[in-house]
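Enquirer: Curious how this folds, go ahead:
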Amino acid sequence: MIYIFLADGFEEIEAITPIDILRRAGAELCSVGITGKRVTGAHAISIECDITPEEADLRNAEMIILPGGMPGTQALAKSTFVTAMLKASVKQGTHLAAICAAPMILGQLGLLKGKSAVCFPGYEDKLTGAIYLDLPVITDGKITTSKSAGTALPFALELVRLLKGQTVANVIAASLQLPVEED
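Expert: Sure, this is the predicted structure:
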């Protein structure tokens with residue numbers, strides 16, 4: 001199970017695109033609304049969250065995804081639920097993935113110490129203890145980070161590669177008419 005934490009104001013390009021691509025790859029996804037099971041979103045595109053924080057069960061979590069433009073990221077960063085879930089997931093060994101401004105949450109919690117990371121330009125100083133690299137997508141151990149709306153597709157394909165392998169990622173990339181990589 002992949003949990004996607006959503007807050008009011010998340011940037012839909014950063015959440016909907018990876019959600020769609022992961023679903024195409026056959027991943028089991030569950031959106032968690034940190035303000036409850038209701039419609040959330042931005043820019044007139046919304047998503048109804050599948051469950052509330054109280055219903056989330058980390059025991060079967062393969063990955064936790066934090067999408068986010070600044071309003072959504074700020075809401076996620078202030079959530080005691082998100083903090084508790086991230087800390088519990090680290091103990092369990094769950095993969096963490098964050099895009100756009102959301103990697104700063106991982107940095108502020110000290111989860112990026114000694115790791116490479118990327119974040120929306122201008123928020124690099126929030127990546128406490130991280131080595132900042134100016135690349136579109138980075139996977140460093142159990143953490144994947146990415147920046148800006150333009151990296152939503154490569155970010156999603158990297159998550160597919162991690163979860164389902166390069167062959168499946170290549171099939172998805174080809175269906176989107178994107179370049180494929182060697183196995």
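Enquirer: only C-alpha atoms for contact and neighbour calcs from this point on.
Expert: Noted.
Enquirer: Give me the distance between the residue most central in space within the chain and Thr83.
Expert: Geometric centre of the chain, nearest residue: Ile65, 2.9 Å, by CA atoms, centre = their mean. Distance of Ile65 to Thr83, given as CA to CA, to the nearest Å: 13 Å.
Enquirer: Check Gly122 too.
Expert: Distance of Gly122 to Thr83, computed by CA to CA: 23 Å.
Enquirer: So these two - more neighbours on which side?
Expert: It is Thr83, of Gly122 and Thr83, that has more neighbours when counted by other CA atoms under 10 Å, with 16 against 8.
Enquirer: pretty sure the more buried one is touching Ala77, no?
Expert: Yes - in this structure, Thr83 is within contact of Ala77 by CA atoms under 8 Å, at 7.5 Å.
Enquirer: check contacts around the residue nearest to the centre of the chain.
Expert: By CA atoms under 8 Å, 6 or more residues apart in numbering, Ile65 lies in contact with Ile2, Tyr3, Ile4, Phe5, Leu96, Ala97, Ala98.
Enquirer: could you dump those residues to JSON lines with pLDDT?
Expert: Formatted as JSON lines, the contacts of Ile65 follow (pLDDT from 0 to 100):
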{"residue": "Ile2", "pLDDT": "94"}
{"residue": "Tyr3", "pLDDT": "93"}
{"residue": "Ile4", "pLDDT": "89"}
{"residue": "Phe5", "pLDDT": "89"}
{"residue": "Leu96", "pLDDT": "97"}
{"residue": "Ala97", "pLDDT": "96"}
{"residue": "Ala98", "pLDDT": "94"}
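Enquirer: Most neighbours among those residues, which one?
Expert: Among these, Ala98 has more neighbours than the rest - 28 neighbours, counting by other CA under 10 Å.
Enquirer: so how far is Pro136 from that one?
Expert: 12 Å.
Enquirer: Same check on Leu163?
Expert: Applying CA to CA, one obtains 19 Å for the distance of Leu163 from Pro136.
Enquirer: Equivalent analysis for Leu178, please.
Expert: Distance from Leu178 to Pro136, counting by CA to CA: 16 Å.
Enquirer: neighbour count winner among the two?
Expert: Pro136 (19 against 13).
Enquirer: Tell me the span between the first and last residue of stretch 57-66.
Expert: End-to-end span of stretch 57-66 (CA to CA): 16 Å.
Enquirer: Would you indicate which residues of that stretch are buried?
Expert: By neighbour count on 16 or more other CA atoms under 10 Å, the buried set for stretch 57-66 is Leu58, Ala61, Glu62, Met63, Ile64, Ile65, Leu66.
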